[in-house]
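Engineer: Quick one: sequence and predicted model below, then my questions.
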Amino acid sequence: QVQLVESGGGLVQPGGSLRLSCAASGFILDYYAVGWFRQAPGKEREGVSCISSSDGSTNYADSVKGRFTLSRDNAKNTLYLQMNSLKPEDTAVYYCATDWGHDCSGFKGDYWGQGTQVTVSS
């Protein structure tokens with residue numbers, strides 16, 4: 001069964017950190033481009049970061065560059081998103097996703113997990 005299961009969300013104060021995890025099952029994570037999207041209440045889904053399977057390159061939304069880091073543990077078949085210097089505007093449900101392609105160019109992420117809530121508030 002193909003599945004993506006996110007975890008690691010929670011409530012954190014501004015300036016704090018969280019690490020999100022995405023455990024994949026039923027397929028090999030590093031065979032495909034995978035990444036993270038987020039959706040805040042009343043807003044459209046936003047691409048956060050993606051890692052390519054063809055060359056391992058990563059990209060980030062301008063809003064998170066320098067604060068978020070995407071990584072992949074192939075032995076654990078798990079994707080991570082380290083989030084530092086969190087801001088209230090980072091509050092959203094974060095989804096791990098793939099579109100079964102190999103590059104992040106035009107990444108649609110149209111297969112995703114159940115999501116994990118991140119709330120940044122004092």
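Structural biologist: Everything's here; your move. Numbering: from 1, shown residues only.
Engineer: just checking, residue 32 touches residue 103?
Structural biologist: No. Judged on Cβ atoms under 8 Å, residue 32 makes no contact with residue 103 at a distance of 9.8 Å. Yep, even glycine has a C-beta here, placed from its N, CA and C like the rest.
Engineer: joint contacts of these two?
Structural biologist: Common neighbours of residue 32 and residue 103, using Cβ atoms under 8 Å, 6 or more residues apart in numbering, are residue 53.
Engineer: With neighbour numbers in mind, choose between the two.
Structural biologist: Neighbour tally, residue 32 and residue 103, criterion other Cβ atoms under 10 Å: the higher count belongs to residue 32, 19 against 14.
Engineer: which residues touch that one?
Structural biologist: Residue 32 neighbours (Cβ under 8 Å, 6+ apart): 53, 98, 99, 100, 101, 102.
Engineer: What count of nearby residues applies to the closest residue to residue 76 other than its chain neighbours?
Structural biologist: Leaving out its chain neighbours, the residue that sits closest to residue 76 by Cβ to Cβ, 6 or more residues apart in numbering is residue 23, at 7.5 Å. Neighbour count of residue 23, defined by other Cβ under 10 Å: 17.
Engineer: repeat for residue 77
Structural biologist: 16.
Engineer: isn't it right next to residue 24, touching?
Structural biologist: Yes. With contacts counted by Cβ under 8 Å, residue 77 reaches residue 24, the gap being 5.0 Å.
Engineer: Appreciated, that's everything.
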